[in-house]
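In: How does the following fold in three dimensions:
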Amino acid sequence: MAKAAPAKPFLTDIKTLRARARKHIEDGAVTAGYQADRVTVIKLLNEALATELVCILRYKRHYFMASGINADTVAQEFLQHATEEQGHADLIAARIVQLKGKPNFNPEGLAMRSHAEYVEGDNLIDMIKEDLIAERIAIESYGEMIRYIGDKDITTHRMLETILAMEEEHANDLSSLLEDLAR
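Out: Model (predicted):
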C-alpha cells in the first residue's frame, strides 16, 4: 500500500506571513499571493468602467427625455439604473486603485473603451430597448471577465459577480417594462 503524501498545511506559518507582509509594502493590497495578471485585470476593469460611464450617460439622457403616458414610471426606472450604474463605476474605480492602477475617466475615447454603445433612442420603447441591449452586453462581458479571472483575484471576481447580478436585474426590469408597454 502506497503512503499518502503529507498534508500541506492549510495556512502558511505565521512567521512567514508576517515576513511577506513587510516586503513590498508600497504595493498595498497587492501581495505576493496575488495570482492574476494585474496589468490585464486593470485593462479589463478600465473597459468595464468605461462601459458603466456610458451606461450612466445613456440612462440619464433617457431619464430626462422620457415622454408619453407611461413616462413617469419608466423615467424613474432609468434614474434608478443610472444611480446603480454609478455605484458600479465607483466600485470598479476603487478596485483599479487598490490594484495600483489608474482609473480612466478621460472622456476622450470613452465610447471606444466601452463595451456598450451610446444610442439615444427616439421614443420610450426605443430607449428601453437600447438600455436592454446594453445590459445584455454588460451581462456577457462581466461573465467573460469573471471566467477569465477565476480564482486568481478573488476580490475582483466577487465584485464583478455582484455587479453582474445587478445587471441581470436591470435586464429583467427593462424586459418587464417592454412587456407592460406592449399591453
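
In: what about this protein, any weak spots by pLDDT?
Out: For the chain, the stretches with pLDDT under 70 are 1-6, 8-10.

In: give me every residue that touches the closest residue to A82 other than its chain neighbours.
Out: The shortest distance from A82 to any non-neighbouring residue, by C-beta to C-beta, 6 or more residues apart in numbering, is to Y59 (3.7 Å). (Glycine included, C-beta is placed from N, CA and C.) The contact partners of Y59, taken as C-beta atoms under 8 Å, 6 or more residues apart in numbering, are 78-79, 81-82, 85, 131.

In: JSON lines for those, including distance to L110 and secondary structure?
Out: Converted to JSON lines, these look like this (distance: C-beta to C-beta, whole Å; DSSP: H, G, I helix; E, B strand; the rest coil):
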{"residue": "F78", "distance to L110": "20", "secondary structure": "helix"}
{"residue": "L79", "distance to L110": "21", "secondary structure": "helix"}
{"residue": "H81", "distance to L110": "18", "secondary structure": "helix"}
{"residue": "A82", "distance to L110": "16", "secondary structure": "helix"}
{"residue": "E85", "distance to L110": "14", "secondary structure": "helix"}
{"residue": "D131", "distance to L110": "18", "secondary structure": "helix"}
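
In: and which of the residues you listed is nearest A182?
Out: D131 (16.1 Å; C-beta to C-beta).

In: pretty sure the closest one is touching L57, no?
Out: No: counting by C-beta atoms under 8 Å, D131 stays clear of L57, with 11.7 Å between them.

In: So between those two, which is more surrounded?
Out: Ranked by neighbour count (other C-beta atoms under 10 Å), D131 and L57 place D131 first, with 27 against 17.
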